[in-house]
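Trainee: below: sequence and its predicted model.
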Amino acid sequence: MTELLTDRDIEDARLTEWTVVEKSITRIVELTSFRAAIEVVNRVADAAEEADHHPDIDIRWRTLAFTLSTHSAGGLTQKDVDLARRIDALIAN
Ligand SMILES: C[C@H](O)[C@H](O)[C@H]1CNC2=NC(N)=NC(=O)C2=N1
């Protein structure tokens, strides 16, 4: 579960909205308003607490940047892929 994923594993996960940046993945998303952005942040916070896995979040008016990595493993693990999918679902809804 906390094993580091290979580059191939990350490609195979097909996280099309995410960009690999060094040992992490980032998704930038623009919402319709600051409040809408904060609502997404709150939903992601719930998902993060539930998973006990926490993204770095950069908030700039209505644009959010989520960055995922597993600090304890020093890179990307399945936990990041799982949280990325949850974030994608929360943004879509
Ligand atoms: C004790 C607890 O499981 C750890 O501190 C968790 C919490 N959230 C975390 N989040 C992330 N992104 N990486 C971690 O290594 C991590 N560790």
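Mentor: Now that the structure is in, tell me what you want to look at. Please read all numbers here as calculations on a predicted model, not as lab measurements.

Trainee: count of residues packed around Glu11?
Mentor: 11 (other C-beta atoms under 10 Å). (C-beta placed from N, C-alpha, C; glycine too.)

Trainee: same for the strand or helix carrying it, what does it pack against?
Mentor: Using DSSP states H and E, the element containing Glu11 is helix 7-13. In this structure, helix 7-13 packs against helix 78-92, with contacts taken as 3 or more C-beta pairs under 8 Å, 6 or more residues apart in numbering; DSSP states H and E.

Trainee: using CSV, write down the CA coordinates of the helix it packs on.
Mentor: Only the C-alpha atoms of helix 78-92 are listed here, as CSV (Å, rounded to 0.1, in the frame of the first residue of the first chain):
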residue,chain,number,x,y,z
GLN,A,78,-1.4,4.0,-4.5
LYS,A,79,-2.7,6.3,-1.8
ASP,A,80,-2.0,9.2,-4.1
VAL,A,81,-3.7,7.6,-7.1
ASP,A,82,-6.8,6.8,-4.9
LEU,A,83,-7.0,10.3,-3.5
ALA,A,84,-6.5,11.8,-7.0
ARG,A,85,-9.5,9.8,-8.2
ARG,A,86,-11.6,11.0,-5.3
ILE,A,87,-10.6,14.6,-6.0
ASP,A,88,-11.6,14.1,-9.7
ALA,A,89,-15.0,12.8,-8.6
LEU,A,90,-15.5,15.7,-6.2
ILE,A,91,-14.6,18.3,-8.8
ALA,A,92,-16.9,16.7,-11.3
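
Trainee: which parts of this protein sit against the ligand?
Mentor: For the chain, the contact set with the ligand under C-beta under 6 Å from any ligand atom comprises Asp52, His53, His54, Thr70, His71, Ser72.

Trainee: from Glu39, how far off is the residue of the chain positioned farthest from its centre?
Mentor: Going by C-alpha atoms, centre = their mean, the residue of the chain most distant from its centre is Ser33, 20.0 Å out. The gap separating Ser33 from Glu39 is 9 Å, by C-beta to C-beta, to the nearest Å.

Trainee: centre of the chain to the helix holding Glu11, how far?
Mentor: 15 Å (C-alpha atoms, centre = their mean, to the nearest Å).
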